[in-house]
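Trainee: structure, please.
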Amino acid sequence: MLKNLIRLAGIVTAAVSFSVLAQGYPSKPVRLIVPYAPGGGTDVLARMIAQRLTEALNESVVVDNRAGVDGIVGAEIMARAAPDGYTLLIISSSHAINVALGKKLPYDTIKDFAPITQTANQQLLLVVHPSIPAKTVKEFLEYVKARPGKLNYGSSSNATALPMELFKSMTSTDIQHIPYKGSGPMLNDLLGAHVQMSMSGAVSVVPHVKAGRLRAIAIGDLKRSSFLPDVPTVAEGGVPDVVRILHVPAFSERISSLGADVVGSPPADWGRFLASEITKWAKVAKVAGFKAGD
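Mentor: I've put the predicted structure just below:
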């Protein structure tokens with residue numbers, strides 16, 4: 001079912017027993033690896049967390065962007081880092097989807113990382129260029145079905161492509177997939193109408209929606225968002241219902257304004273959720289025909 005089309009975001013570190021960390025931790029700067037290029041939703045969230053952690057720990061937390069191969073480059077650096085708590089990694093749905101697609105990974109997605117917390121749920125938005133006249137899911141489906149194979153959707157990673165493929169499968173629509181190597185290039189082409197639509201993380205597209213440069217058709221979640229309350233969920237549109245820092249009011253309100261919901265789960269829950277994401281997206285990838293290297 002089209003259920004919880006969310007780009008997860010969470011913090012992990014190299015496999016380490018936190019009980020062995022010295023009481024004086026941290027005694028030197030902490031590195032927070034972002035396995036994506038600057039400017040995307042995960043990067044924005046990471047920089048906010050790094051700033052707050054720097055204040056809370058009284059030690060610098062430095063963001064290190066290591067983009068490449070749907071997050072694999074940054075994750076490998078994390079997996080090879082010393083398990084001392086001084087290197088952290090923020091991951092997105094791609095971390096689970098890479099396993100689901102059967103990619104040959106230079107690390108074990110579960111065993112080589114120690115979960116800290118799921119930081120936020122970033123809802124996915126189905127957005128279109130204003131040149132598309134549709135304003136509702138019903139109008140959108142009518143418009144697309146009248147033009148089979150003639151419209152394109154852009155994706156910045158498999159984490160945004162698979163949800164759109166699931167939407168296509170459930171609605172029997174024929175929309176061509178145009179993959180990009182990052183959200184920046186994809187958004188540039190979407191804003192320029194070179195592609196007509198995308199299922200994208202809210203943080204990267206909400207500013208354009210509010211400015212009228214893009215139109216939000218639906219939210220890929222079971223509930224409406226607090227930041228775009230007038231935008232219905234996919235289900236409402238007629239498609240079947242398919243740790244401390246995080247909870248500081250000023251921080252959580254800022255996260256909400258960007259287009260995500262603070263989670264702040266305990267490590268065990270975050271680890272279980274990550275494992276469930278691998279299982280879920282493996283099924284979607286099989287139905288959509290996605291394979292390693294797509």
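Trainee: show me the strands in the protein, by range?
Mentor: For the chain, the strands defined by DSSP state E cover 6-14, 30-34, 61-65, 87-92, 113-128, 152-155, 176-179, 197-201, 215-219, 260-262.
Trainee: any weak-confidence spans in the stretch 1-150 of the chain?
Mentor: Applying pLDDT under 70 to the stretch 1-150 of the chain flags residues 1-23, 100.
Trainee: could you pull out the helices for it?
Mentor: For the stretch 1-150 of the chain, the helices defined by DSSP state H, counting those that start in this stretch cover 41-57, 72-80, 94-100, 137-145.
Trainee: pick the most deeply packed of the ones you listed.
Mentor: helix 94-100 (a mean of 25; mean count of other CB atoms under 10 Å). Placement of C-beta: from N, CA and C, glycine included.
Trainee: number of nearby residues for Lys283?
Mentor: By other CB atoms under 10 Å, the residues close to Lys283 number 11.
Trainee: wait, doesn't Asn143 sit right on Ala134?
Mentor: Residue 143: Tyr, not Asn. Yes: between Tyr143 and Ala134 there is a contact under CB atoms under 8 Å: 4.7 Å.
Trainee: my guess is Asp168 contacts Leu162. True?
Mentor: If you look again at residue 168, you'll see it is Lys, not Asp. No: Lys168 is beyond contact range of Leu162, at 10.5 Å (criterion: CB under 8 Å).
Trainee: those two: which has the busier surroundings?
Mentor: In this view Lys168 and Leu162 are compared by other CB under 10 Å, and Leu162 has more residues nearby, 26 against 17.
Trainee: now that one: closest residue in space that isn't a chain neighbour?
Mentor: By the measure of CB to CB, 6 or more residues apart in numbering, the closest residue to Leu162 outside its immediate chain neighbours is Val284, 5.1 Å from it.
Trainee: relative to Ser172, how far out is the one you found?
Mentor: Between Val284 and Ser172 the computed distance is 16 Å (CB to CB, to the nearest Å).
Trainee: many thanks, have a good one.
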